[in-house]
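**Student:** no letters, just coordinates:
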C-alpha cells in the first residue's frame with residue numbers, strides 16, 4: 001500500500017506540474033523515475049500490459065487527480081502567489097538533479113555524452129529565450145485548438161523539458177483551459193484527451209528505441225534540457241529583498257527537501273521490493 005500511494009503521489013506531482021507554466025511534465029516524469037517505465041509501456045502497450053499496468057495504474061490515477069482535482073486550486077494559487085509557487089517547483093526539480101545526473105551516467109560518460117548535454121541545453125535555452133522575447137497572439141478557442149493543446153501536452157510528457165504551457169500562454173489559451181479543467185468541461189477535455197493520446201502513442205516507440213540504443217546520449221541530452229528549462233523559469237526579477245527573498249528561499253528549500261524525501265523513499269521501497277523478490 002505504501003508503494004502504491006507513493007506512485008500515486010508521483011502521478012499527482014506530474015499532473016500538477018503539467019499544468020504549471022514553465023514546468024515540464026516530462027521533466028517531472030524523468031526526475032521522479034517514472035519516465036522509462038512509462039515509455040517502455042507506451043512503446044509496446046499490448047505486449048507489456050501485464051508487466052507494467054500494476055506499476056503505472058496508480059501513477060495514472062495520481063496524474064488525473066493532479067490535473068482534474070487541483071486545476072482550479074493551482075490556477076488560483078498561481079494567480080494569487082505566482083512567484084512562491086514557481087520557486088517551490090524549481091526547488092523540486094533542482095532537488096532531483098543529483099539523482100538524474102547519477103542515472104544519466106549509469107552506462108558511462110564519454111565525450112559524446114557531454115556534447116549531447118551541452119548541445120541540448122544550449123538549444124533548449126536558446127528556444128526559450130526566443131519565446132520569451134516575442135509576444136503571442138490571441139486566438140479564439142475551438143475544438144481544433146483544444147486538440148492542438150492536447151497534442152502539445154502529449155509532447156510535454158514524451159519530450160522532457162518541453163513545457164506546453166508556454167504555448168498555451170502564447171496563444172491566450174492557458175486561462176480558459178485551466179478553467180475548463182477545473183469545471184470538468186467535456187467540450188474541452190475530450191478533444192484535448194484525443195490529441196494527447198494521439199501524440200503519446202505515435203511518439204513513444206521512437207523515444208523508447210532511442211533509450212534502448214543510445215541511453216547515455218539521450219539521458220545526457222535530457223539532463224541538459226532539464227538544466228536549461230529550470231534556469232529559464234527562475235523568477236529572478238521578482239526576488240526583491242527582505243521578507244520576500246526569505247519566503248522564496250524557503251519555498252525553494254521546501255521543494256528541494258520534498259524532492260530528496262521522494263527520491264529517498266522511492267529508493268527505499270525499490271530496495272525492499274528487490275529484497276522480497278530474492279527472499
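**Tutor:** Yes, it's here. Just so we're clear, the structure is a prediction, and the values are computed from it rather than from any experiment. Numbering: from 1, shown residues only.
**Student:** where in the stretch 51-200 of the chain is pLDDT low?
**Tutor:** 75, 78, 134-138, 160-163, 166, 169-170 (pLDDT under 70).
**Student:** can you give me the helices in it?
**Tutor:** Counting by DSSP state H, counting those that start in this stretch, the stretch 51-200 of the chain has these helices, from start to end: 71-80, 82-104, 111-133, 143-158, 165-170, 174-182, 186-213.
**Student:** and stretch 157-167, end to end?
**Tutor:** One end of stretch 157-167 to the other measures 15 Å (Cα to Cα, to the nearest Å).
**Student:** what lies in contact with stretch 197-211?
**Tutor:** 36, 39-40, 42-45, 150-155, 157-159, 218-219 (Cβ atoms under 8 Å, 6 or more residues apart in numbering). C-beta: built from backbone N, CA, C; applies to glycine.
**Student:** looking at the helices of the stretch 51-200 of the chain, which is closest to residue 247?
**Tutor:** Of all those, helix 82-104 sits nearest to residue 247, with 6.1 Å by Cβ to Cβ.
**Student:** show me what the closest one is packed against.
**Tutor:** Applying 3 or more Cβ pairs under 8 Å, 6 or more residues apart in numbering; DSSP states H and E, we find helix 82-104 packed against helix 25-31, helix 71-80, helix 215-232, helix 243-278.
**Student:** can you rerun that using 6 Å?
**Tutor:** Under the contact criterion of 3 or more Cβ pairs under 6 Å, 6 or more residues apart in numbering; DSSP states H and E, helix 82-104 touches helix 215-232, helix 243-278.
**Student:** redo the ones you listed as a markdown table? Include mean neighbour count, mean pLDDT and distance to residue 3.
**Tutor:** Below are these laid out as a markdown table (neighbours: other Cβ atoms under 10 Å; pLDDT from 0 to 100; distance: least, Cβ to Cβ, whole Å):
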| stretch | mean neighbour count | mean pLDDT | distance to residue 3 |
| --- | --- | --- | --- |
| helix 215-232 | 22 | 85 | 25 |
| helix 243-278 | 14 | 78 | 5 |
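**Student:** how about those helices in CSV, adding distance to residue 199?
**Tutor:** Shown next, in CSV, are these (distance: least, Cβ to Cβ, whole Å):
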stretch, distance to residue 199
helix 215-232, 18
helix 243-278, 27
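**Student:** of those helices, which is nearest residue 85?
**Tutor:** Among those, the nearest to residue 85 by Cβ to Cβ is helix 243-278 (7.8 Å).
**Student:** residue 228 against residue 127, yeah?
**Tutor:** No - between residue 228 and residue 127 there is no contact, the gap being 8.9 Å when judged by Cβ atoms under 6 Å.
**Student:** ok so, going back, possible to save the helices of the stretch 51-200 of the chain as CSV with distance to residue 30?
**Tutor:** Below are those laid out as CSV (distance: least, Cβ to Cβ, whole Å):
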stretch, distance to residue 30
helix 71-80, 21
helix 82-104, 6
helix 111-133, 13
helix 143-158, 10
helix 165-170, 17
helix 174-182, 23
helix 186-213, 11
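**Student:** ramachandran coordinates for residue 235?
**Tutor:** Per-residue torsions, residue 235: phi -80, psi 60 (degrees, to the nearest 10).
**Student:** ok, back up a step: out of the helices of the stretch 51-200 of the chain, which comes closest to residue 50?
**Tutor:** helix 186-213 (17.7 Å).
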